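1. Predicted model follows, preceded by the sequence.
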Amino acid sequence: MCTDSFLEYLKAERNRSDKTVQSYGRSLKEFKEFFEDLNEGLTWETVDAAVVREWAIKLLDADGLSPASVNLKLSALRTFYRYMMMVGRVGKSPMARVPNPKKRKVLPVFVREQEMERLLELMSEGKTFPEVRNRLIVLMLYMTGMRRAELLGLTDADVMLDEGTIKVTGKRDKQRLISIGGELAGQVRDYQQLREQTFGAGTHGGRLLLDDKGAPLSVSKLETIVRDTLALVTNQQKRSPHVLRHTFATQMLNHGADLQSIQKLLGHESLETTQIYTHLSFEELKNEYQGAHPRSK
């Protein structure tokens, strides 16, 4: 049988793993059962693109497979038909006109505006160094949208309070300026004064954020601070610094900022990356409608 020789070819000539060969074999068997059930007269040589597309639709809709799983099965078919062309069993592959299903976009997780306001209110009473620092961290991420590494890399020289700007060094050492308002500038001043009182001047090597012992703040400590802090107002499983970056972008869009401005503030190279937040805002709007309108159920 042509499928048997193909699988042997994969193993002997292409040096594919047993797991891959078995997976390809299952996919070919499933497709053969599908097209024979569809039309007893169909063979591997007479199957066309329409039959393959119909199978892909069945896998997605009736079988409930993810686009990624369907793409793996279609990849097996593509490899098989390349082999069939190589050995002269078919003149052209039906896969040439079969596109891969697009993977569903995973929407970023964010914290609702009301929850963020409640959190910042809860943190406003803190007076100790860790409490003041932790509130600054949350404000920085929420009000600037910077990445985790960008925040940890900030020095005192990067925070230009008189000018109302922060110089951020992003991916591939690209720098951008982010404007900050009076609330964040005031929080930075309060933190810097308390830091000097706690650890002394010039003991931090210029780094803005320090841990409880006066050393530069680590990634793990930052992650723990954000996770534990967000747990005060949300039960969602994902509570990382990146969630606050998503929250910044979502709130900016919801309050009328245009995509190009958000793109520059986030340091995205492509506008397409920023456009995910339009889907996010639509989902938020849809949820609000379904929760509030009496005839939306």
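-> Thanks, I have it. Just so it is clear, the model here is predicted, and its values are computed rather than measured.

2. Now do the helix or strand encompassing Val188: which elements does it pack against?
-> Using DSSP states H and E, the element containing Val188 is helix 182-199. Applying 3 or more Cβ pairs under 8 Å, 6 or more residues apart in numbering; DSSP states H and E, we find helix 182-199 packed against helix 129-144. Using the backbone N, CA and C atoms, a C-beta is placed for each residue, glycine as well.

3. in the helix it packs on, what's buried?
-> 129, 132-144 (16 or more other Cβ atoms under 10 Å).

4. ok, which stretches of the protein are strands?
-> Per DSSP state E, the chain carries strands over the ranges 159-160, 165-169, 175-179.

5. Quick one: closest of those strands to Glu40.
-> The closest of the strands of the chain to Glu40 is strand 175-179. By Cβ to Cβ, the value is 63.6 Å.

6. Now Tyr191: closest residue in space, sequence neighbours ignored.
-> Leaving aside its chain neighbours, Tyr191 sits nearest to Leu136 (4.7 Å; criterion: Cβ to Cβ, 6 or more residues apart in numbering).

7. List the residues that contact Asp48.
-> Each residue near Asp48 by Cβ atoms under 8 Å, 6 or more residues apart in numbering is listed here: Pro94.

8. Quick check: pLDDT value at it.
-> Asp48 is assigned a pLDDT of 92 by the prediction.

9. do the same with Gln260
-> At Gln260, the model reports a pLDDT of 87.

10. So it is in contact with Ser270, correct?
-> No. Using Cβ atoms under 8 Å as the test, Gln260 is too far from Ser270 to be in contact (11.7 Å).

11. tell me, how many neighbours does Glu33 end up with?
-> Residues near Glu33, counting by other Cβ atoms under 10 Å, number 10.

12. ditto for the one 5 residues further on
-> The tally of other residues near Leu38 (other Cβ under 10 Å) stands at 14.

13. What separation is there between it and Asp173?
-> Distance from Leu38 to Asp173, counting by Cβ to Cβ, to the nearest Å: 56 Å.

14. Repeat that for Leu208.
-> For Leu208, the distance to Asp173 - Cβ to Cβ - is 18 Å.

15. which stretches of the stretch 51-200 of the chain aren't confidently modelled?
-> Along the stretch 51-200 of the chain, the model assigns pLDDT under 70 to residues 103-107.

16. hmm, back to that, any chance of the strands of the chain in TSV, with mean neighbour count and distance to Gln22 too?
-> Formatted as TSV, the strands of the chain follow (neighbours: other Cβ atoms under 10 Å; distance: least, Cβ to Cβ, whole Å):
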stretch	mean neighbour count	distance to Gln22
strand 159-160	17	57
strand 165-169	19	48
strand 175-179	15	50
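
17. between those strands, which gets nearest to Ala149?
-> Closest among the strands of the chain, using Cβ to Cβ: strand 165-169, at 8.9 Å.

18. partner strands of the closest one, parallel or antiparallel?
-> Sheet pairing here is set by DSSP bridges, and for strand 165-169 it gives strand 159-160 (antiparallel), strand 175-179 (antiparallel).

19. Between those, which one is closest to Leu119.
-> Leu119 sits nearest to strand 175-179 of all those, at 21.2 Å, using Cβ to Cβ.

20. And the contacts of the closest one?
-> Here strand 175-179 makes contact (Cβ under 8 Å, 6+ apart) with 144-146, 164-170, 264-265, 267.

21. ok so, going back, neighbour count for Leu208 and Asp173, which is higher?
-> Using other Cβ under 10 Å, the more surrounded residue of Leu208 and Asp173 is Leu208, with 24 against 6.

22. Now do the same contact list for the closest residue to that one other than its chain neighbours.
-> The shortest distance from Leu208 to any residue other than its chain neighbours is 4.3 Å, reached at Leu154 (Cβ to Cβ, 6+ apart). Leu154 makes contact with Ile166, Val168, Arg207, Leu208, Leu209, according to Cβ under 8 Å, 6+ apart.

23. wait, the last one sits on Leu217?
-> Yes. In this structure, Leu209 is within contact of Leu217 by Cβ under 8 Å, at 4.2 Å.

24. Return every residue with contacts to both of those two.
-> Residues within reach of Leu209 and of Leu217 at once, by Cβ under 8 Å, 6+ apart, are Leu152.
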